[in-house]
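In: Coordinates only, no sequence provided:
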């Protein structure tokens, strides 16, 4: 953000214009830096080999650390949405749709968002702090001096680990959330479990699952990209590491919510296009 | 990272600290000299400092949720006339409260833990005790009051912003007029929903500073310890907020 204040484009602007444009310029600067860093990671992934063991190790570590939180959050978020939808559907005497609507909302919207927030809070902040400490204590320069590509050795396994783990944790979170929702619907909303599950297949088909997976993939790229970028470019000692972690947390949340809007619109547009072009109607 | 048993015991001990802090807050609530200067300073930092991100995030969340609910309504009931009612209810009861709460955990909770943790690691809290200033009175209570005030206000603000974006989507995509939207929204919203939003705001606003300060006071080990404490406090706050959201939702939908 401080670079945006001193950027040449905003020199000599009136205080009002400067106050309005500086946050926008700062955010655009961040988006641009993120895209360039993702380009670097992509180039490293495509031109180097022998990365698989390190990536698998990172996936194992990330899933192991996030398992308890995802289980807990999945159950309770599913329960909350069941209670809310139940209150609305009872008014219209449409309680039979509770299962389908709840699962559809979890798979399409709330599942990816919740998994991403958990991943960002636990793993993203930790990765930014880890890489930031390595950068500030010059360990990344040491790795480069020894002839190893630091992006391949340090950044790529963590980035790919976060992206693939977000898909795995999404699948796990959805399954656990369905169990929790069925339980709450049976105990607190007076439905039969089979009644609850009868409308699920009507609302959730291959397309809905693809939407959830695509959104989770995009959010995983954002969380991994921002965390690794902020850590990799940290400077200024221990305080710089703190700044990097705080900014990483802020931008991860902000970019994920912006991406939520754009991916939802893009996926709806693709669905309408496919339905119109191929007559394809699916959940 | 500590092995399973030690880490769990530390989390459990910190949760017991949070309960102790709640009792201490209760005691200080009735003791008159409140530190208004610190309270108002925290209100500015937490409340007004979070306004930009809350506005943008809830605006985009409102746009997405309205589009999604409209898609589902179209698929099941083949009508769009109930979009204002259903969307308004969902925003007022759940969405306008959960999203700002989770964003504020990341912003307010992380910075509070980092600040208190750094003070603990650089022995400033011991210095405060030497000067006979109670660290809970000086650090925790102002943040507690400021957090309750600003998070409640920010939740109402974000409900308003989300509803405004729902109106925007309905007007541009589904041929509602703004007045028509508000008219068809009115029969579906009750004072109970606003009371629930206020209750959730107060509860979430009380959880975030106490969990952050509890993790900050227990921080040890230099800069790396501060980072670990910040991460743990964000995760624990998120879990506690989801849990209390479930309890309050159950209370307000079934029991009241």
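Out: Perfect, thanks for sending it. Just so you know, these numbers come straight off a predicted model, no measurement behind them. Numbering: from 1, shown residues only, chains lettered A, B, ... in the order given.

In: what's the nearest residue to residue A:31 if we skip its chain neighbours?
Out: In space, and not counting its chain neighbours, residue A:31 is closest to residue A:255: 7.5 Å by CB to CB, 6 or more residues apart in numbering or on different chains. Bear in mind the C-beta positions are built from the backbone N, C-alpha and C, glycine included.

In: Quick check: the gap between the one you found and chain B.
Out: Distance, residue A:255 to chain B, by CB to the nearest CB, to the nearest Å: 10 Å.

In: Regarding that residue, which helix or strand does it belong to?
Out: Here residue A:255 sits within helix A:237-278, counting by DSSP states H and E.

In: show me the contacts for the residue nearest to residue A:31.
Out: With contact set as CB atoms under 8 Å, 6 or more residues apart in numbering or on different chains, residue A:255 has these partners: A:31, A:34, A:222, A:226.

In: In contact with the last one, which residues are there?
Out: When the contact criterion is CB under 8 Å, 6+ apart, the partners of residue A:226 are A:34, A:124, A:128, A:248, A:251-252, A:255.

In: can you rerun that using 7 Å?
Out: By CB atoms under 7 Å, 6 or more residues apart in numbering or on different chains, the residues touching residue A:226 are A:34, A:248, A:251-252, A:255.

In: Just the closest of those residues to residue B:97, please.
Out: Distance to residue B:97 across the contacts of residue A:226 (CB to CB) is lowest for residue A:252, with 21.1 Å.

In: what's the pLDDT at the closest one?
Out: Looking at residue A:252, its pLDDT stands at 91.

In: Test my guess that it contacts residue A:120.
Out: Yes: Residue A:252 lies in contact with residue A:120 (CB atoms under 7 Å); the separation is 4.3 Å.

In: Identify the contacts common to these two.
Out: residue A:223.

In: neighbour-wise, which of the two wins?
Out: Using other CB atoms under 10 Å in any protein chain shown as the criterion, residue A:252 and residue A:120 rank with residue A:120 on top: 30 against 27.

In: still on that earlier bit, between the contacts of residue A:226, which is closest to residue A:109?
Out: For these, the nearest to residue A:109 is residue A:255 (16.9 Å; CB to CB).

In: Can you tell me how far the closest one is from residue B:58?
Out: 15 Å (CB to CB, to the nearest Å).

In: Report how many residues lie close to residue 20.
Out: Since you didn't name a chain, this refers to chain A. So residue A:20, with other CB under 10 Å, has 12 neighbours.

In: Chain B was what I was after
Out: 12.

In: Over to residue A:115?
Out: Residue A:115 has 31 nearby residues by other CB under 10 Å.

In: Can I get the contacts of residue A:255 in JSON lines including pLDDT?
Out: JSON lines is the format used below for the contacts of residue A:255 (pLDDT from 0 to 100):
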{"residue": "A:31", "pLDDT": "92"}
{"residue": "A:34", "pLDDT": "94"}
{"residue": "A:222", "pLDDT": "96"}
{"residue": "A:226", "pLDDT": "95"}
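
In: will you turn those into CSV that also has secondary structure?
Out: Formatted as CSV, these follow (DSSP: H, G, I helix; E, B strand; the rest coil):
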residue, secondary structure
A:31, helix
A:34, helix
A:222, helix
A:226, helix
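
In: What subset of these is buried?
Out: A:34, A:222, A:226 (16 or more other CB atoms under 10 Å in any protein chain shown).

In: OK, contacts around the second one?
Out: Read it as residue A:222. Going by CB under 7 Å, 6+ apart, residue A:222 touches A:252, A:255-256, A:259.

In: Just give me the neighbour total for the closest residue to chain A within chain B.
Out: Closest to chain A within chain B is residue B:223: 3.7 Å, counting by CB to the nearest CB. By other CB under 10 Å, 19 other residues sit near residue B:223.

In: how close does it sit to residue A:243?
Out: Going from residue B:223 to residue A:243 by CB to CB gives 12 Å.

In: Mind pulling up the pLDDT for the residue nearest to the spatial centre of chain B?
Out: By CA atoms, centre = their mean, chain B has its centre lying nearest to residue B:101, at 2.9 Å. As predicted, residue B:101 sits at a pLDDT of 92.

In: Count the neighbours of the closest residue to it other than its chain neighbours for me.
Out: Counting by CB to CB, 6+ apart, the nearest residue to residue B:101 once its immediate chain neighbours are dropped is residue B:204, at 4.6 Å. Neighbour count for residue B:204, taken as other CB under 10 Å: 27.

In: for residue A:233, same thing?
Out: Counted with other CB under 10 Å, residue A:233 comes out at 14.

In: Torsion angles phi and psi at it?
Out: Backbone torsions of residue A:233, given as degrees, to the nearest 10, read phi -110, psi 20.

In: On the three-state scheme, residue A:177 is what?
Out: helix.

In: Name the nearest residue to it, ignoring sequence neighbours.
Out: residue A:78 (3.5 Å).

In: Which strand or helix spans the one you found?
Out: Assessed by DSSP H and E, residue A:78 sits inside helix A:52-91.

In: Check residue B:200 too.
Out: helix B:191-217.

In: Same check on residue A:125?
Out: helix A:125-136.

In: List the residues that contact the residue of chain B closest to chain A.
Out: Contacts here follow CB under 7 Å, 6+ apart; on that basis residue B:223 touches A:238, A:241.

In: Please give the element, helix or strand, for it.
Out: helix B:222-250.

In: And for residue B:52?
Out: Using DSSP H and E, residue B:52 sits within helix B:49-76.

In: Helix or strand next in line after that helix, which one?
Out: helix B:83-90.

In: quick one: that following helix to helix A:52-91, angle?
Out: For helix B:83-90 against helix A:52-91, the angle between stretch directions is 110 degrees (axes from the mean of the first three to the mean of the last three CA atoms, to 10 degrees).

In: Residue numbers of the stretch 101-250 of chain B in contact with chain A?
Out: B:102-103, B:106-107, B:110-111, B:114, B:223-224, B:226-227, B:230-231, B:234-235, B:238-239, B:242-243, B:245-246, B:249-250 (CB under 7 Å from any CB of the partner chain).

In: correct me, but residue B:235 touches residue A:120?
Out: No: judged on CB under 7 Å, residue B:235 makes no contact with residue A:120 at a distance of 10.5 Å.

In: just how off-centre is the helix holding residue A:125 within its chain?
Out: With CA atoms, centre = their mean, to the nearest Å as the basis, helix A:125-136 stands 19 Å off its chain's centre.
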